[in-house]
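Engineer: Sequence and predicted structure below; questions after.
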Amino acid sequence: MPRSVVVLGAGPAGYVCAIRLAQLGQNVTVVEKSYLGGTCLNVGCIPSKALIAAGALVDRIAHASAMGISADNVRVDVDKLVAWKAGIVAKLTGGVGGLLKNHKCEVLMGSGSIVDKNTVAVKLADGTTKTVKCDDIVIATGSVPIAIPGFAFDEKDVWSSTGALAPKSIPKHLVVIGGGYIGLELGMMYRKLGSEVTVLEATAGALPGQDRDCVKVIERSMKKMGIKFLTETFAQGYERKKDGLHVRIKTKKGEETVVCDQIGSMVGRKPYSEGLGLEKVGLKLDAKGFLAVDKQMRTSVPNIYAVGDIAGQPMLAHKGSKEGLVAAAVIAGQKEEYDVRCVPAVIFTAPEMASVGAQEEELKTKGVAYKSGSFPFAASGRAMSLMETEGFVKILTDAKSDEILGVHMVGPEVTELIAEAALAIEMGATAEDLARTIHAHPTLPEAMMEAAEAVHGMAVHIFQPKK
Ligand code: FAD
Ligand code: NAI
């Protein structure tokens with residue numbers, strides 16, 4: 001007997017779960033409050049990567065003189081750029097709508113709340129409420145940006161990431177609060193489009209929690225690009241004056257004011273469960289606002305599942321989609337669990353950064369005996385031909401078994417290269433496996449093969465003195 005399932009939220013966790021449920025023969029109702037595709041397709045991954053690609057193109061043209069290429073009057077038509085980005089979003093979100101329809105998922109555009117463990121009430125756009133009975137509920141309501149005191153998002157003076165993805169013009173001076181994923185991706189993008197950029201970061205360095213060797217390359221790159229990056233710095237508030245927005249900041253040296261014409265506050269995101277009625281079924285959030293789940297993505301109520309950002313870190317689209325697939329399989333009665341060794345992370349900075357598996361610091365803390373091999377893109381013919389030689393690939397392996405434990409990279413196209421590393425870790429591959437695999441020449445993935453060889457002191461295209 002097919003089960004009837006209500007999926008709350010149509011982001012990459014919810015809509016993927018819904019489609020898989022339908023493929024497995026279940027009856028699915030998807031409830032979505034704002035837009036099909038969720039944060040990711042509408043105001044997250046996709047629009048940000050479109051604008052970042054545009055920034056990269058402008059920057060590439062500006063720096064092509066070494067290749068003998070120059071172009072005068074490179075102009076950015078902001079309205080056209082934003083419209084182009086909106087077109088990509090529309091195509092993708094339309095595609096999600098089409099897929100849900102083709103799979104016969106009922107879509108209710110409205111806000112869903114749980115009435116009891118088998119009933120969801122949906123407040124529809126026309127103000128009426130529809131009640132849906134079901135066997136199972138999947139909560140996939142995602143996350144929202146965190147606002148800090150003194151910087152409420154009005155999307156005029158103070159942008160959240162959403163405002164930053166729909167500019168009316170390119171700011172002259174953008175102050176970014178938060179040197180994490182969004183702050184750096186969008187801060188660098190605006191710098192390439194011509195803004196002066198100042199980033200205020202609370203901790204001692206950019207991208208807390210990421211491989212520090214990789215982050216050093218990003219910090220160096222920010223300096224080269226002319227981005228002012230202030231660490232251990234807190235924004236206290238701001239005033240709008242005649243000459244611009246006066247942002248009061250507290251640094252290690254004391255208090256000062258930075259004058260700009262645009263503020264972007266990007267200090268993290270929090271799980272979203274407002275109005276969901278969790279209390280009606282006795283569901284409790286943890287201290288950080290996440291819903292605890294088991295390996296089958298079940299909450300403490302057996303027929304209620306949670307997937308995506310609401311279900312815990314890392315708040316990444318592909319992790320949410322994977323969880324959605326697991327929940328769908330479990331609901332359909334298959335033997336399935338969230339049993340992944342690693343979730344890759346990709347950061348679209350300049351250069352790009354990507355990682356998967358264990359970090360070096362983590363291995364040191366745990367006392368794991370490990371080996372490390374690195375290969376710099378400066379020694380890659382392909383990287384040279386792309387004029388992007390900054391960065392490296394670093395592979396960490398178990399000192400005894402040679403199994404790959406973690407891979408961290410910074411450099412050209414590493415957001416694509418990391419897929420090979422994720423596959424290697426999932427399959428329990430060793431550095432020798434990677435080193436023995438023929439990698440086509442001349443390509444960037446050769447850096448993976450060389451880094452794997454470097455683990456054993458045998459990289460061919462760099463000199464590794466015998467230890
Ligand atoms: P969401 O995508 O947030 O979707 C949840 C949906 O639920 C929303 O559409 C919401 O309207 C709906 N909803 C909420 N409450 C209700 C309710 N009561 N009833 C009905 N519907 C409801 N991740 C990556 O992996 N790669 C990237 O490059 C990347 N870039 C990003 C860039 C930016 C600027 C931002 C903000 C995020 C980015 N992320 C990226 C993170 C990624 O967007 C999220 O991890 C992902 O969207 C989470 O998916 P989700 O389905 O859990 O939630
Ligand atoms: P983040 O957690 O990545 O970074 C927030 C930064 O703000 C941190 O460096 C933190 O130390 C700093 N911060 C916090 N409070 C501050 C304050 N008061 N003053 C100054 N700095 C402060 O969060 P972000 O960038 O908002 O992104 C949210 C999430 O979205 C990410 O964690 C990630 O999960 C996801 N994302 C993923 C992307 C990708 O996969 N490429 C791109 C963008 C977002």
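Structural biologist: Okay, I see it. Ligands and ions are numbered 1, 2, ... in the order given.

Engineer: got the contact list for the residue lying closest to Ala378 once chain neighbours are set aside?
Structural biologist: Spatial nearest neighbour of Ala378, excluding adjacent residues (C-beta to C-beta, 6 or more residues apart in numbering): Thr389 at 4.5 Å. All C-beta spots, glycine's among them, are computed from the backbone N, C-alpha and C. By C-beta atoms under 8 Å, 6 or more residues apart in numbering, Thr389 lies in contact with 376-378, 380, 383, 411.

Engineer: Now the buried members of those.
Structural biologist: Buried by 16 or more other C-beta atoms under 10 Å: 376-377, 380, 383, 411, out of those.

Engineer: thinking again about what came up before, give me the element the residue nearest to Ala378 is part of.
Structural biologist: Under the criterion of DSSP states H and E, Thr389 resides outside all helices and strands.

Engineer: Likewise for Ala235?
Structural biologist: strand 234-241.

Engineer: Packing partners of whichever helix or strand comes after that strand?
Structural biologist: As assigned by DSSP H and E, the chain's next helix or strand after strand 234-241 is strand 244-251. On a contact count with 3 or more C-beta pairs under 8 Å, 6 or more residues apart in numbering; DSSP states H and E, strand 244-251 meets strand 173-177, strand 234-241, strand 254-260, strand 262-265.

Engineer: Now tabulate those strands in CSV and tack on mean pLDDT and distance to ligand 2.
Structural biologist: Formatted as CSV, the helices and strands packed on strand 244-251 follow (pLDDT from 0 to 100; distance: least, C-beta to the nearest ligand atom, whole Å):
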stretch, mean pLDDT, distance to ligand 2
strand 173-177, 98, 5
strand 234-241, 98, 5
strand 254-260, 97, 13
strand 262-265, 98, 8
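
Engineer: now those in CSV, with distance to ligand 1 and mean neighbour count?
Structural biologist: Formatted as CSV, those follow (distance: least, C-beta to the nearest ligand atom, whole Å; neighbours: other C-beta atoms under 10 Å):
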stretch, distance to ligand 1, mean neighbour count
strand 173-177, 12, 25
strand 234-241, 19, 15
strand 254-260, 20, 14
strand 262-265, 10, 26
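
Engineer: which stretch among these comes nearest Lys400?
Structural biologist: Comparison of the helices and strands packed on strand 244-251 against Lys400 by C-beta to C-beta identifies strand 173-177 as nearest, at 44.1 Å.

Engineer: centre of the chain versus that closest one, how much separation?
Structural biologist: With C-alpha atoms, centre = their mean, to the nearest Å as the basis, strand 173-177 stands 20 Å off its chain's centre.

Engineer: likewise stretch 457-467?
Structural biologist: How far stretch 457-467 lies from its chain's middle: 35 Å, per C-alpha atoms, centre = their mean.

Engineer: any idea of the pLDDT on Gly163?
Structural biologist: Per-residue confidence at Gly163 stands at 98 (pLDDT).

Engineer: Excluding chain neighbours, give the residue nearest to whichever residue of the stretch 151-300 of the chain sits closest to ligand 2 in space.
Structural biologist: As assessed by C-beta to the nearest ligand atom, ligand 2 sits closest to Gly180 within the stretch 151-300 of the chain, at 1.7 Å. Leaving out its chain neighbours, the residue that sits closest to Gly180 by C-beta to C-beta, 6+ apart is Leu207, at 6.2 Å.

Engineer: Now do that neighbour: how many residues are near it, please.
Structural biologist: Here the count is done by other C-beta atoms under 10 Å, and Leu207 has 22 residues near it.

Engineer: three-state assignment of the residue nearest to Gln296 when sequence neighbours are not counted?
Structural biologist: Excluding the flanking residues, the one nearest Gln296 by C-beta to C-beta, 6+ apart is Val330, at 4.4 Å. Assigned with DSSP: H, G, I helix; E, B strand; the rest coil, Val330 falls in the helix class.

Engineer: Distance of the residue nearest to Ala378 relative to His318?
Structural biologist: 29 Å (C-beta to C-beta, to the nearest Å).

Engineer: Residue numbers of the stretch 151-300 of the chain in contact with ligand 2?
Structural biologist: Contact residues, the stretch 151-300 of the chain versus ligand 2 (C-beta under 6 Å from any ligand atom): 177-183, 185, 200-203, 208, 234-235, 266-269.

Engineer: Mark which of the residues you listed are buried, thanks.
Structural biologist: Buried by 16+ other C-beta under 10 Å: 177-183, 185, 200-202, 235, 266-267, 269, out of these.

Engineer: which two of those residues lie the greatest distance from each other?
Structural biologist: The widest separation within those, taken as C-beta to C-beta, falls between Glu185 and Ala235 and amounts to 19.1 Å.

Engineer: For the stretch 101-250 of the chain, just list every one of the strands.
Structural biologist: Along the stretch 101-250 of the chain, counting by DSSP state E, counting those that start in this stretch, strands occupy 106-116, 119-124, 129-133, 136-139, 143-145, 158-159, 173-177, 196-200, 228-230, 234-241, 244-251.

Engineer: Need the contact partners of the second one.
Structural biologist: Residues from elsewhere that reach strand 119-124, judged by C-beta under 8 Å, 6+ apart: 6, 8, 31, 108-115, 129-134, 137, 277.

Engineer: run the last query once more with 7 Å
Structural biologist: For strand 119-124, contacts defined as C-beta atoms under 7 Å, 6 or more residues apart in numbering pick out 6, 31, 108, 110-115, 129-134, 137.

Engineer: do the same with the fourth one
Structural biologist: Contacts with strand 136-139, where a contact means C-beta under 7 Å, 6+ apart, come from 3, 5-8, 14, 17, 114, 120, 276, 291, 303-307, 310, 327, 331.

Engineer: now with 8 Å?
Structural biologist: Residues contacting strand 136-139 (C-beta under 8 Å, 6+ apart): 3-9, 14, 17-18, 114, 117, 120, 273, 276, 291, 299, 303-307, 310-311, 324, 327, 331.

Engineer: Over to the fifth one?
Structural biologist: Counting contacts by C-beta under 8 Å, 6+ apart, the residues outside strand 143-145 that touch it are 39, 153, 160-162, 265-266, 268-272, 309-310, 315.

Engineer: out of these, which is most surrounded?
Structural biologist: Counting neighbours by other C-beta under 10 Å, the top entry in the contacts of strand 143-145 is Asp309, with 31 neighbours.

Engineer: Please name the nearest non-neighbouring residue to that residue.
Structural biologist: Nearest residue to Asp309 in three dimensions, chain neighbours excluded: Ser143, at 3.8 Å (C-beta to C-beta, 6+ apart).
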